[in-house]
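Visitor: structure of the sequence below:
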Amino acid sequence: MGGENYLMRVLHVPYCFYPDPVGGTEVYVSSLMTCLSKKNIESSVAAPDIHTHFYQYNNFDVDRFSVSEKINNLEDLHGEGDEKAREEFSRILEKKKPDIVHFHALTRGVSLRLMREAKRQDIKTVFTYHTPTVTCFRGTLLHLGKNICNGKLDKKNCSVCTLHALGVNQVTAKTVNAFSVLLGDKIIKTKLRGKLWTALSMSQLMKLRHAVIYSMMKEVDKLVVLCEWAKKLCMINGVEQEKIMLSRHGLSSKSSSIIKRADMKLNFPLKIVFIGRFDVMKGPDILVKAIRNMLDLEIQFDLYGIVQNKEEKYFNTLKSLAAGDPRIRFLSPVPSEEVISLLCQYHLLVVPSRCLETGPLVVLEAFAAGVPVIGSSLGGIAELVKHQENGLLVKTDSLKDWMHVIRQCCETPSIIDNFKKNIKPPRSMELVSTEMAALYYQLCQN
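Guide: This next block holds a predicted model:
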């Protein structure tokens with residue numbers, strides 16, 4: 001089975017896939033598959049959907065398997081996963097006969113049941129930790145929305161933090177959690193649903209979810225992480241270092257082929273850009289507020305973003321904050337393959353995230369375009385942006401600090417030139433695919 005002449009088959013399992021609206025994980029998967037195809041590795045996709053169907057995307061086979069519409073109880077939602085999805089996934093495995101199943105999510109649809117089904121069919125499994133949602137109910141790894149969490153799975157702390165995210169203040173959250181310890185088991189076994197019942201069963205739901213996470217980490221053959229903080233998170237939860245592979249994000253060959261270093265003259269207005277989801281956790285509102293508070297500065301701030309249904313209220317808030325300021329423009333999102341060319345038209349990229357990122361990919365895209373980055377001093381951003389070298393790191397959610405660095409760049413534009421000189425070419429997806437191919441072959445030889 002080992003050897004470069006062997007046609008290896010790898011099945012990738014993300015949360016969703018093209019042509020649906022996708023995020024960084026799906027961009028990663030698509031780019032990785034393209035690069036692997038040059039290494040005699042045949043890739044295909046299986047992803048959950050409303051109904052079962054098959055199609056091809058960029059010459060890759062895509063099997064979409066359905067997930068049960070009906071959720072009988074809270075245990076179904078937060079436990080080992082959907083049984084109907086497992087049954088359909090089993091048929092996909094029997095049809096595709098992959099050597100490796102590479103999971104890119106942990107949800108009700110892409111679940112522990114699917115991983116165990118792959119093991120039952122004697123197929124090696126890999127899991128990549130793409131976002132904090134894998135291990136954090138809150139999805140940010142910020143305890144109580146403020147302090148960076150080390151990711152240790154602690155039932156009490158995680159329960160209180162999640163209740164706080166649902167709108168319960170910290171003191172009340174502790175009280176509600178105490179009740180949930182007593183009532184949780186009984187509520188979970190009922191068909192009662194809603195915020196109240198979720199809150200009153202939080203302790204048991206967290207115990208259930210943590211058990212799923214621990215099982216996933218134990219049962220997959222290899223855990224791939226994209227940054228140092230994710231590696232530390234896995235280790236603090238008992239994963240042996242030898243089982244973890246650090247393989248950072250990379251840019252696709254399609255992106256690399258259009259890379260041209262930005263040569264923006266440092267004239268005014270200073271052009272700043274945000275690219276990402278219009279989501280409160282992505283933090284664009286802090287930049288809108290900062291710029292609105294500095295009416296004397298010559299700035300053009302362009303925001304390219306995706307608005308999902310649940311984010312429409314936040315997007316409307318953003319527009320209200322910016323109302324009447326012609327310096328702030330909301331623009332339509334651009335295809336991933338056009339992002340680098342777009343970035344070349346700007347002096348600075350801002351990444352004001354309020355959560356721990358494993359990338360984000362847009363930082364690498366900015367560096368490919370030769371554009372410095374101002375970002376939150378959190379997670380993967382802080383691992384990629386070197387403060388005062390290729391950009392600036394700002395304390396998350398500090399309006400004062402964001403105003404200071406933006407004013408600094410306006411009043412002393414030479415620092416932008418200095419940052420540009422220190423930007424190094426980003427890592428490529430070709431290198432990522434080489435690392436993944438070596439891992440796949442190693443697993444199949446064991």
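
Visitor: switch to C-alpha atoms for all contacts and neighbour counts from now on
Guide: Noted.

Visitor: what separates residue 142 from residue 134, distance-wise?
Guide: Using Cα to Cα, to the nearest Å, residue 142 is found at 14 Å from residue 134.

Visitor: which one of the two has more residues nearby?
Guide: For residue 142 against residue 134, the residue with the higher neighbour count under other Cα atoms under 10 Å is residue 142, and the figures read 20 against 15.

Visitor: that one and residue 237: what is the separation?
Guide: Residue 142 sits 17 Å away from residue 237, taking Cα to Cα as the criterion.

Visitor: just the helices in the stretch 151-300 of the chain please.
Guide: Using DSSP state H, counting those that start in this stretch, the helices found in the stretch 151-300 of the chain span residues 155-165, 170-188, 195-200, 202-219, 228-236, 253-256, 284-292.

Visitor: let's have those in JSON lines, adding mean neighbour count and mean pLDDT.
Guide: Below are the helices of the stretch 151-300 of the chain laid out as JSON lines (neighbours: other Cα atoms under 10 Å; pLDDT from 0 to 100):
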{"stretch": "helix 155-165", "mean neighbour count": "22", "mean pLDDT": "90"}
{"stretch": "helix 170-188", "mean neighbour count": "17", "mean pLDDT": "65"}
{"stretch": "helix 195-200", "mean neighbour count": "18", "mean pLDDT": "62"}
{"stretch": "helix 202-219", "mean neighbour count": "20", "mean pLDDT": "92"}
{"stretch": "helix 228-236", "mean neighbour count": "19", "mean pLDDT": "97"}
{"stretch": "helix 253-256", "mean neighbour count": "17", "mean pLDDT": "55"}
{"stretch": "helix 284-292", "mean neighbour count": "21", "mean pLDDT": "97"}
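
Visitor: low pLDDT regions in this structure?
Guide: 1-6, 73-74, 177, 179-198, 200, 253-266 (pLDDT under 70).

Visitor: OK, contacts around the residue sitting nearest the centre point of it?
Guide: The residue at the geometric middle of the chain, judged as the C-alpha nearest the mean C-alpha position with Cα atoms, centre = their mean, is residue 131 (3.8 Å). Counting by Cα atoms under 8 Å, 6 or more residues apart in numbering, residue 131 makes contact with 139, 357, 358.

Visitor: how close does the residue nearest to residue 239 when sequence neighbours are not counted get to residue 371?
Guide: Take residue 239 and drop its neighbours on the chain: the residue closest to it by Cα to Cα, 6 or more residues apart in numbering is residue 217, 6.8 Å away. Distance, residue 217 to residue 371, using Cα to Cα: 37 Å.

Visitor: repeat for residue 92
Guide: Distance of residue 92 to residue 371, computed by Cα to Cα: 43 Å.

Visitor: how close does the residue nearest to the centre of the chain get to residue 229?
Guide: If you go by Cα to Cα, the gap between residue 131 and residue 229 works out to 11 Å.

Visitor: for the stretch 301-446 of the chain, just list every one of the strands.
Guide: Ranges of strands within the stretch 301-446 of the chain are 328-331, 348-351, 373-376, 391-394, based on DSSP state E, counting those that start in this stretch.

Visitor: between those, which one is nearest to residue 13?
Guide: Smallest distance to residue 13 across those (Cα to Cα): 28.0 Å, for strand 348-351.

Visitor: so what strands line up beside the closest one?
Guide: Based on DSSP bridges, the strands next to strand 348-351 in the sheet, each with its direction, are strand 270-277 (parallel), strand 373-376 (parallel).

Visitor: pick the most deeply packed of those strands.
Guide: Burial among the strands paired with strand 348-351, expressed as mean neighbours by mean count of other Cα atoms under 10 Å, is greatest for strand 373-376, which shows a mean of 27.

Visitor: what's that one in contact with?
Guide: When contacts are taken as Cα under 8 Å, 6+ apart, the neighbours of strand 373-376 outside the stretch itself are 348-354, 363, 366-367, 381-382, 385, 390-396.

Visitor: please look at residue 141 and residue 152 and confirm they touch.
Guide: No. Here residue 141 does not reach residue 152: they are 9.9 Å apart, not a contact under Cα atoms under 8 Å.

Visitor: which one of these two is surrounded by more residues?
Guide: The neighbour comparison of residue 141 against residue 152 (other Cα under 10 Å) goes to residue 141, with 27 against 18.

Visitor: residues touching that one, list them.
Guide: Applying Cα under 8 Å, 6+ apart, we find residue 141 in contact with 132, 148, 149, 150, 151, 355, 356.

Visitor: which of these are buried? Put it as a PyMOL command.
Guide: If you want just the buried ones from those in PyMOL, going by 16 or more other Cα atoms under 10 Å, the selection is:
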select buried, resi 132+150+151+355+356
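
Visitor: inside strands: which ones of the contacts of residue 141?
Guide: Taking DSSP state E, the ones among these that sit in strands are residue 148.

Visitor: could I get the contacts of residue 141 in CSV, plus columns for distance to residue 201?
Guide: As requested, the contacts of residue 141 are exported to CSV (distance: Cα to Cα, whole Å):
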residue, distance to residue 201
132, 22
148, 25
149, 23
150, 24
151, 22
355, 26
356, 27
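
Visitor: closest to residue 35 among the contacts of residue 141?
Guide: residue 132 (26.0 Å).

Visitor: just confirm the closest one contacts residue 148, I think it does.
Guide: No. Contact status for residue 132 versus residue 148: not in contact, 11.8 Å apart, counting by Cα under 8 Å.

Visitor: if we can go back for a sec, format the helices of the stretch 151-300 of the chain as CSV; extra columns: distance to residue 77.
Guide: What follows is the helices of the stretch 151-300 of the chain, written out as CSV (distance: least, Cα to Cα, whole Å):
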stretch, distance to residue 77
helix 155-165, 16
helix 170-188, 10
helix 195-200, 11
helix 202-219, 9
helix 228-236, 23
helix 253-256, 38
helix 284-292, 31
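
Visitor: re earlier: between residue 92 and residue 371, who's got more neighbours?
Guide: Remark: of residue 92 and residue 371, residue 371 carries more neighbours, 30 against 17, as counted by other Cα under 10 Å.

Visitor: quick check on that one: phi, psi?
Guide: When read as degrees, to the nearest 10, the backbone of residue 371 gives phi -110, psi 130.

Visitor: near the residue nearest to residue 355 when sequence neighbours are not counted, how many other residues are there?
Guide: Residue nearest to residue 355 in three dimensions, not counting chain neighbours: residue 140, with 4.4 Å by Cα to Cα, 6+ apart. Counted with other Cα under 10 Å, residues neighbouring residue 140 total 22.

Visitor: kindly report the same for the one 5 residues further on.
Guide: Neighbour count of residue 145, defined by other Cα under 10 Å: 16.

Visitor: same thing with residue 154?
Guide: By other Cα under 10 Å, 12 other residues sit near residue 154.

Visitor: likewise residue 414?
Guide: Here the count is done by other Cα under 10 Å, and residue 414 has 12 residues near it.
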